[in-house]
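# sharing a model that was predicted from the sequence below.
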Amino acid sequence: MSIQFLDTTLKNTTVLASGILGNNKDILERVYNNGCALVTMKSIGPEPRDGHNNPTVIDLGHGIINAVGLPTPGYTNMEKEWKDLETRDFPLSASIYGGSVEEYARVAEFVSKQKPDMIEVNISCPNSEKHGMTFGVHAKSAHEVVSAVKKVTNVPLIAKLTPQALNIAEIAKACEDAGADAICAINTVGPGMVIDIESGMPVLDFKKGGLSGPMIKPVAIRCVYDIYKAVKIPIIGLGGISTGEDAIEMIMAGATLTGIGSAVKTRGINVFGLVTKEMTRWLDRHNSTIDSIRGAAH
Ligand SMILES: Cc1cc2nc3c(=O)[nH]c(=O)nc-3n(C[C@H](O)[C@H](O)[C@H](O)COP(=O)(O)O)c2cc1C
């Protein structure tokens, strides 16, 4: 099921979502060896940042709520990770964020020297006061960030969007106009909140968090459907995919690649191989190909 995406040939459509398994080469390599075609790193920021206090991740059964809060060693404190990743033999997407347009550009400039195959610009995290989502809910700021990053790197750029934008298609178009080579949608939905009724207290230490997993799939499908109509660049459809059938639905909405995050927890690290096998089985049964069903819902 090999597929061309930007400048890279991928073995199938599955992508490890950012933030799920960190930045350690051995772990990312294991994900690739378990069937994942494109591995996304945890979002990297400008300065060291601890993230929020525990509890930060709660399994709700029908999905996850998290307020990890973008912990990062900061791009300059990742020498070992970058050194190890130099010798990788798998496609890598490096995710970045900043607290200002200048910070995004600074992180992108450094990260592009580490030669990832692509850079994902995270303008969509809901769990930090001033990073991420602030830039992704307005077309103007989304355009500013992507333009600034585009000026400092030749590495293909993916803009990662938030479903909290009033009109996500408009944000996607602004990113395309600013030079984005692809869109990734969606980041977590929310923020949401869970209260423990025995203590009467919010369960997350940060109180609010982003939702992911099966419960957000219909939101992700709708976002990809809207974006597909608005842009010409390819889309990584992400949000609630845990089976091959989910991935097929995402491709019918208009996605080229299919991201997987929370399902790594429910189905294990070999979820990528399983999803690809289930997709192939579905396509064979329906005498179809990925290309023939992309955007079928339109
Ligand atoms: C624990 C956790 C940490 C995450 N960290 C990041 C991150 O650092 N950067 C980012 O762009 N998205 C992050 N995300 C969002 C995921 O990449 C993905 O967009 C979201 O979980 C929806 O996909 P899913 O339903 O398959 O999990 C995180 C999600 C979770 C559950």
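Nice, I can see it.

# next to the ligand, which bits of this structure? Give me the list.
17-19, 42-43, 57, 64, 66, 68, 70, 95, 122, 125, 160, 187-188, 212-213, 216, 238-241, 260-263 (C-beta under 6 Å from any ligand atom). In this view, the C-beta of every residue, glycine as well, is placed from N, C-alpha and C.

# hmm, His143 and Val101 touching each other?
No - taking C-beta atoms under 8 Å as the definition, Val101 is not a contact partner of His143, at 10.2 Å.

# more crowded one of the two?
Neighbours per residue (other C-beta atoms under 10 Å) separate Val101 from His143, with His143 holding more: 21 against 16.

# what mean pLDDT does stretch 87-99 get?
The average pLDDT within stretch 87-99 is 96.

# likewise for stretch 102-112?
97.

# again, but for stretch 255-268
Rounded mean pLDDT across stretch 255-268 is 98.

# how about stretch 60-72?
93.

# how long is that stretch end to end?
Using C-alpha to C-alpha, to the nearest Å, the end-to-end distance of stretch 60-72 comes out at 26 Å.

# could I get the buried residue list for it?
Gly63, Ile64, Ile65, Asn66, Ala67, Val68, Gly69, Leu70, Pro71, Thr72 (16 or more other C-beta atoms under 10 Å).

# what's the farthest-apart pair in those?
Gly63 and Thr72 (24.4 Å; C-beta to C-beta).

# so, low pLDDT: which residues of the stretch 101-250 of the chain?
126-133 (pLDDT under 70).

# contacting residues around stretch 206-213?
For stretch 206-213, contacts defined as C-beta atoms under 8 Å, 6 or more residues apart in numbering pick out 52-53, 56, 58, 60, 62-67, 69, 125-127, 187-193, 202, 239-240, 242, 261-263, 266.

# from those residues, list the buried ones, please.
Looks like those have 52, 56, 63-67, 69, 125-127, 187-192, 239-240, 242, 261-263 buried, using 16+ other C-beta under 10 Å.

# excluding sequence neighbours, find me the nearest residue to whatever residue of the chain ends up closest to the ligand.
Closest approach between the chain and the ligand, counting by C-beta to the nearest ligand atom: Gly19, at 1.9 Å. What sits nearest to Gly19 in space, not counting adjacent residues and going by C-beta to C-beta, 6 or more residues apart in numbering, is Lys42, at 5.0 Å.

# which residues touch that neighbour?
Ser18, Gly19, Ile20, Leu21, Gly22, Asn23, Thr72, Ser95.

# would you turn those into a markdown table with secondary structure?
Converted to a markdown table, those look like this (DSSP: H, G, I helix; E, B strand; the rest coil):
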| residue | secondary structure |
| --- | --- |
| Ser18 | coil |
| Gly19 | coil |
| Ile20 | coil |
| Leu21 | coil |
| Gly22 | coil |
| Asn23 | coil |
| Thr72 | strand |
| Ser95 | strand |
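
# restricted to buried residues, select these in PyMOL.
Applying 16+ other C-beta under 10 Å to the contacts of Lys42, the buried members can be selected in PyMOL as follows:
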select buried, resi 18+19+20+21+23+72+95
